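S.K.: can't give you the sequence, but here's the structure:
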């Protein structure tokens, strides 16, 4: 299992790359979110009796709409670890799961192209993300209730 910053991780964590660590240090709110999210992926090395080896990486990336940057970081961690296992075992790689990303999102572009530009709009959107607004279903429900109450009051 892959996690980032979780003290309660069931398995050893993958260390972020130096570039990712610097990114997180410069963005404490993103680091806080990464520490709260939990498991990013499950990876398995599967060996067929014929000798063929496959690394299977299954993920469920973070759902919050404005956390596009978190999904890019999760995808990068997943791909780094999956490639490490692939190379160590001379295997093929299959990546699957719920990416919570649309075809125009930076996480998809990263997985397809291998990079996301430093001036990409999803980094800007990510800088507006703060843990607690819609970062959990409970927080989102509170926000919807609050906005709904305000809308009802304004309608009178």
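M.R.: Great, that's in hand. Just so we're clear, the structure is a prediction, and the values are computed from it rather than from any experiment.

S.K.: now the chain, which segments are flagged as low pLDDT?
M.R.: Across the chain, the ranges flagged by pLDDT under 70 are 1-13, 38-39, 132-156.

S.K.: Just give the number of residues close to the residue nearest to residue 17 when sequence neighbours are not counted.
M.R.: Using C-beta to C-beta, 6 or more residues apart in numbering and skipping the chain neighbours, the partner closest in space to residue 17 is residue 80 (6.6 Å). Glycine gets a C-beta too; all of them are placed from N, C-alpha and C. Residues near residue 80, counting by other C-beta atoms under 10 Å, number 15.

S.K.: before we move on, what about residue 18?
M.R.: 8.

S.K.: so where do the strands sit in this structure?
M.R.: 41-47, 53-60, 92-98 (DSSP state E).

S.K.: and the ones you listed, which is most packed in?
M.R.: Mean neighbour count (mean count of other C-beta atoms under 10 Å) peaks for strand 53-60 among these, with a mean of 18.

S.K.: and the angle for that strand with strand 92-98?
M.R.: With axes from the mean of the first three to the mean of the last three C-alpha atoms, to 10 degrees as the basis, strand 53-60 and strand 92-98 are set at 20 degrees to each other.

S.K.: Report the strands that pair with strand 53-60, each with its relative direction.
M.R.: Using DSSP bridges, the strands paired with strand 53-60 in its sheet are strand 41-47 (antiparallel), strand 92-98 (parallel).
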